[in-house]
Every structure is written in C-alpha cells, then in structure tokens.
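Novice: Pasted the sequence and its predicted model underneath.
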Amino acid sequence: MQQHQSKSVALVIVGLIVAIVVVLAAILFLGKDNGSSSNSATESNTEGTIGLTEEQSTPGSTSSPSPGGLQADGSLDSTYVDGLPPQLSGFLTACSKAQFELQYEDGSSPNRMMDGMQCSGTSGSPFFMQKVDLVNDKEYANEVALRENVSDAVIASDTPTNFAGYSAGPAPTLFIANRESGRVLEVENFFGGDQKAREALQALGYNMADSVG
C-alpha cells in the first residue's frame, strides 16, 4: 500500500501600491481676460492583497525580518518533535499549526487529515530558507519507513525510534521518522541537493559515514 501526503502552503501575495503624480500647467498669454490658471492630476493604482494574510508595503518600509535575522522564536510546539533529534528546537522558527492529507492511492481507506506543523529554518541552520513539515501520526511514520526502505534513499539510521535519511536526486526529500512516537519530519525539495541533505543530517547528529544507499 502506497500512501502519499498532500501538503498545502500558505500563499502570501503582497499588494503593491504605485502612485504616479503628473502635474499639467497651462499658462495663458498676457492680456487674456481670464488671467492664468493651472491644472494638476494625481493617478493612483492599487492592487489588493490575496492569501491567508494580508500585507501592504511602501518604499523604504520593512514588512518582514531580514533573512539574516531568523532565530528560534518559541513558536515550535515540542509535542511535534517528541522523539526526534533535540537539535531541531534551535533550527526551527515561524512555526504554525497545519494539517496534511494522507492519501490511500489503492483506495483501501478513505483519505484523512493528519495534524502537524510547518516551520521555517533559522539563520545558520541546515534548514535556512527551507519549509519543514512536522507530522504527528503513527501510521504515516511507519509508511515513511516502508516507502523509503524500498526506494533509492540514502539511509542514515534505521531503528524503530530513529529512521532517517534522504531520497536521492537533485531535489531530495529529507526525512526523519520515529515509528514509536509517530513523529515525522520531512523537507521536500531540499535546497542544495544530496550534499546539503547529508550536511543537514550530520548537523542533527547522524554519522553519514555509516549511511546506506
């Protein structure tokens, strides 16, 4: 049985406000009865914001932290990393609750939702500029191990409480699953390919010299 999770990502499209000011002046010739006059017009075009959050920015303003300033902010619910590498608490920020759909491709069961969180990586961490998905679901944790064990994945650890590695390829998926606690971490389309995925697992305490695959 192959299962697939379908993830949704918050989309934020920031509205832009553009103001164009055009001044038109007409100077009448001396000697006219109605003297002199001038006209001016201001044209403003505004595009609205679309998405889960709305935001407007103006030139010279800062609407979000600079990439170099992303630090752990306490938004990570430790419930979702129970049984996963302890280093994660310092590597994740801007976490929010999320739900992921577990799809049964063989139709053996109805699709259902799984509770989880989605976070960003902190500055200087192996997950910087990445989206990190955390899932709390024992069935899915077992499915990750089954799926990756029969794939071309590089396996860094294979125990019931610590199954970790990454799928091979130019845009690998990094995964860690604790089948006993039901906690899963996944980073899809890992930036930097195989080498960066290996470095990320090493930063989490895995000995990649012993990896299989």
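Specialist: That came through fine.
Novice: Any regions of the protein where pLDDT drops low?
Specialist: Within the chain, the stretches with pLDDT under 70 are 1-69, 210, 212-213.
Novice: how does it look with 90?
Specialist: 1-70, 82, 105-108, 149-152, 168-172, 191-195, 207-213 (pLDDT under 90).
Novice: could you say which helix or strand contains M113?
Specialist: Assigned by DSSP states H and E, M113 belongs to strand 112-121.
Novice: Show me what that strand is packed up against.
Specialist: Applying 3 or more Cβ pairs under 8 Å, 6 or more residues apart in numbering; DSSP states H and E, we find strand 112-121 packed against strand 92-104, strand 131-136. For the C-beta atoms, the positions are set from N, CA and C on the backbone; glycine is no exception.
Novice: can you do 10 Å?
Specialist: When contacts are defined as 3 or more Cβ pairs under 10 Å, 6 or more residues apart in numbering; DSSP states H and E, strand 112-121 packs onto helix 88-91, strand 92-104, strand 131-136, helix 138-149, strand 183-187.
Novice: That strand vs strand 183-187, what angle?
Specialist: Here strand 112-121 points in a direction 60 degrees away from that of strand 183-187 (axes from the mean of the first three to the mean of the last three Cα atoms, to 10 degrees).
Novice: Quick check: buried residues in strand 112-121?
Specialist: M114, G116, M117, Q118, C119, S120, G121 (16 or more other Cβ atoms under 10 Å).
Novice: my guess is the third one contacts T93, does it?
Specialist: No. M117 is not in contact with T93 according to Cβ atoms under 10 Å; the separation is 11.5 Å.
Novice: Any chance you could list residues touching both of those two?
Specialist: Here M117 and T93 have S75, L76, V132 as joint contacts, going by Cβ atoms under 10 Å, 6 or more residues apart in numbering.
Novice: Tell me the one of the residues you listed nearest Y206?
Specialist: Y206 lies nearest to V132 out of the shared contacts of M117 and T93, by Cβ to Cβ, at 16.3 Å.
Novice: tally of neighbours for that closest one?
Specialist: When neighbours are counted by other Cβ atoms under 10 Å, V132 registers 22.
Novice: Now do the SS call for I155.
Specialist: With DSSP: H, G, I helix; E, B strand; the rest coil as the basis, I155 sits in strand.
Novice: so how far is the first residue of stretch 104-116 from its last?
Specialist: 19 Å (Cα to Cα, to the nearest Å).
Novice: Stretch 156-166 now?
Specialist: So stretch 156-166: terminal residues 8 Å apart, Cα to Cα.
Novice: For that stretch, which residues meet the burial criterion?
Specialist: For stretch 156-166, using 16+ other Cβ under 10 Å, the buried residues are A156, S157, N162, F163, A164, G165, Y166.
Novice: Give the full set of residues in contact with the second one.
Specialist: For S157, the residues meeting the contact criterion (Cβ under 10 Å, 6+ apart) are 85, 163-165, 176-177, 201, 204-207, 210-212.
Novice: please redo it, this time with the cut-off set to 8 Å
Specialist: Shown in contact with S157 (Cβ atoms under 8 Å, 6 or more residues apart in numbering): F163, A164, G165, Y206.
Novice: do the fifth one as well
Specialist: By Cβ under 8 Å, 6+ apart, the contact set of A164 is I155, A156, S157, F175, I176, A177, L201, L204, Y206.
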